[in-house]
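In: Model the structure of this input:
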Amino acid sequence: MTLARFIELWTSTDYPPERVTEVDLRNIEQRLDFLLPDDYRRAVLETGLPRPTVALMDAIIERHLELNCLGDFYSPAEIIEETVGWRAIGMPKSLVAFASDGCGNKFCFDTDRLNRGGREGRAIWFYDHDFGTVEQIAATFDDWMDAFCQVEPWSDVDPT
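Out: Numbering: from 1, shown residues only. Sure thing, here's the model as predicted:
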């Protein structure tokens with residue numbers, strides 16, 4: 001499971017993942033009128049929502065990786081609040097924000113594609129609020145998590 005591996009690599013035991021229930025997820029779906037991707041649902045029910053440390057951002061930035069930094073996963077209540085709030089100020093209505101890069105940009109699911117089904121519906125989208133752009137960044141939630149699990153930790157200490 002890639003989210004479990006992500007938790008091992010990029011979180012602190014001092015801040016364990018936030019538990020999520022099936023009721024929490026159904027509430028999101030009812031309030032925002034869509035079905036969450038199965039891989040996201042399975043992962044967060046099994047492990048909870050992690051709080052990544054700054055070590056992930058350091059590794060991405062210092063290694064000049066082609067990954068958007070992941071700052072935080074949203075709780076079920078935050079998913080609803082962030083999505084409704086950002087839609088009101090210009091985020092496309094089909095997007096549901098489930099995580100942030102820490103700078104106001106959102107990692108999203110696209111409800112139009114999800115409701116149509118198929119693999120394309122499971123994609124992860126990045127909404128850049130500065131430019132108003134939306135870009136597909138991963139084919140699935142598991143693929144997205146796997147990309148972070150491939151990142152080597154950064155150390156600014158010279159090993160010699």
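In: Please make it C-alpha for all contacts and neighbour counts, starting now.
Out: OK.
In: List the contacts of the residue lying closest to residue 102 once chain neighbours are set aside.
Out: Distances taken as Cα to Cα, 6 or more residues apart in numbering put residue 71 closest to residue 102, at 4.6 Å, once the chain neighbours are dropped. By Cα atoms under 8 Å, 6 or more residues apart in numbering, the contact set of residue 71 is 51, 52, 53, 54, 57, 99, 100, 101, 102.
In: Quick check: residue 71 vs residue 107, distance?
Out: Going from residue 71 to residue 107 by Cα to Cα, to the nearest Å gives 10 Å.
In: Residues in contact with both of the two, list them for me.
Out: With Cα under 8 Å, 6+ apart, residue 71 and residue 107 have common neighbours 99, 100, 101.
In: Can you pull out the low-pLDDT segments for the chain?
Out: For the chain, applying pLDDT under 70 flags the ranges 1, 118-119, 156-160.
In: Do you have the helices of it handy? List them.
Out: Using DSSP state H, the helices of the chain run over residues 2-10, 22-32, 38-47, 54-62, 76-88, 111-116, 141-149.
In: nearest to residue 129, of those?
Out: helix 76-88 (9.0 Å; Cα to Cα).
In: Alpha carbons of the closest one, as PDB, please.
Out: Only the C-alpha atoms of helix 76-88 are listed here, as PDB (Å, rounded to 0.1, in the frame of the first residue of the first chain):
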ATOM      1  CA  PRO A  76     -13.300  15.400   5.500                       C
ATOM      2  CA  ALA A  77     -14.700  18.600   6.900                       C
ATOM      3  CA  GLU A  78     -11.800  20.600   5.300                       C
ATOM      4  CA  ILE A  79     -12.400  18.900   1.900                       C
ATOM      5  CA  ILE A  80     -16.000  20.300   1.900                       C
ATOM      6  CA  GLU A  81     -15.000  23.700   3.300                       C
ATOM      7  CA  GLU A  82     -12.000  24.200   1.000                       C
ATOM      8  CA  THR A  83     -13.900  22.900  -2.100                       C
ATOM      9  CA  VAL A  84     -16.900  25.100  -1.500                       C
ATOM     10  CA  GLY A  85     -14.800  28.100  -0.600                       C
ATOM     11  CA  TRP A  86     -12.400  27.900  -3.600                       C
ATOM     12  CA  ARG A  87     -15.200  27.200  -6.000                       C
ATOM     13  CA  ALA A  88     -16.800  30.400  -4.900                       C
END
